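sequence first, then the predicted structure:
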Amino acid sequence: MEFGKLFELFISAALINNFVFTRYLGLCIFFGVTKKMDTSIGMSITFTSVMVISAALNWIIYKFIMIPLGLGFLEIVIFIGVVAGFVQAADTIMKKVSPGLYYKLGIYLALITTNCIILAVPLLNVSEGYSFIESMFFGFGSGVGFSLAMIIMASIREKLELADVPKAFQGLPISFIITGLIALAFMGFSGLITL
């Protein structure tokens with residue numbers, strides 16, 4: 001596949017079909033970690049790394065092990081196992097390298113294992129019949145899109161701490177309203193690229 005098509009796949013995954021704002025996936029981590037910018041950036045880097053590497057590993061396992069052995073029907077179980085193993089490794093490395101960020105991410109780091117976006121990427125790679133390189137670009141684009149969503153939301157939520165929000169809308173209600181408004185803005189990217 002030529003580079004132009006790979007770039008279109010990346011832009012499509014990051015902006016046009018952003019998992020948070022167009023498919024409403026991954027919202028537990030999205031709302032849980034976006035209270036502070038530094039935590040959001042740390043989670044964005046971790047999430048994107050896990051997404052790209054798990055997309056590559058799952059593509060290799062699916063293509064060279066599951067298909068030859070006729071185990072395609074176990075794709076969900078095996079994909080979750082691969083993601084869980086990699087998240088456990090990331091958890092251990094982060095605890096050793098950056099304990100401050102490890103404790104800020106808390107339970108949300110372990111929740112990456114069961115995050116629907118992390119699982120959706122390899123499942124979409126299989127259903128769309130992407131090649132290895134296409135799978136990597138799709139995973140990276142999806143991770144960048146999720147990171148973009150988290151950083152936008154974290155910057156707004158930090159400003160909201162200084163705003164005079166009515167009591168009934170404080171906390172999650174105003175966050176849901178803002179997410180809806182950002183999703184409307186992301187709808188402006190619709191039709192930018194047709195794959």
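Alright, I've got the coordinates.

I'd assumed residue 38 was in contact with residue 158.
No. Residue 158 is not in contact with residue 38 according to Cβ atoms under 8 Å; the separation is 10.2 Å. Using the backbone N, CA and C atoms, a C-beta is placed for each residue, glycine as well.

quick one: the strands in this protein?
Under the criterion DSSP state E, the chain carries no strands.

can you list the weak-confidence ranges in it?
Applying pLDDT under 70 to the chain flags residues 1, 194-195.

for it, which helix is longest?
helix 132-160 (DSSP state H).

what's that helix packed up against?
Judged by 3 or more Cβ pairs under 8 Å, 6 or more residues apart in numbering; DSSP states H and E, the packing partners of helix 132-160 are helix 3-11, helix 27-33, helix 37-61, helix 116-128, helix 172-186.

follow-up on the earlier one: look at residue 158 and residue 38 and report which has more neighbours.
When residue 158 and residue 38 are compared for neighbours, residue 158 comes out ahead with 14 against 11, by other Cβ atoms under 10 Å.

hang on, the earlier thing: next, the buried residues of the longest helix of the chain.
134-154, 156-157, 160 (16 or more other Cβ atoms under 10 Å).

what's the offset of it from the middle of its chain?
Chain-centre distance of helix 132-160: 6 Å, with Cα atoms, centre = their mean, to the nearest Å.

now residue 162, what are its backbone angles?
Main-chain torsions, residue 162, degrees, to the nearest 10: phi -90, psi -10.

that one: how many residues sit nearby?
Residues lying near residue 162 (other Cβ under 10 Å) number 7.

got it, and residue 5?
Residues lying near residue 5 (other Cβ under 10 Å) number 13.

now do it against residue 157, distance only.
The gap separating residue 5 from residue 157 is 36 Å, by Cβ to Cβ, to the nearest Å.

also residue 123?
Using Cβ to Cβ, residue 123 is found at 30 Å from residue 157.

returning to that earlier point: and the angle from the longest helix of the chain to helix 3-11?
If you take axes from the mean of the first three to the mean of the last three Cα atoms, to 10 degrees, helix 132-160 sits at 40 degrees to helix 3-11.

helix 132-160 vs helix 116-128, what angle?
Using the same axes, to 10 degrees: helix 132-160 against helix 116-128 is 150 degrees.

if I look at residue 51, how far off is residue 68?
Residue 51 is 26 Å from residue 68, by Cβ to Cβ.

these two: which has the busier surroundings?
Legend: neighbour count by other Cβ under 10 Å for residue 51 and residue 68, higher for residue 51 (29 against 8).

ok, the more buried one touching residue 119?
No. The pair residue 51 / residue 119 is not scored as a contact, 10.2 Å apart, by Cβ under 8 Å.
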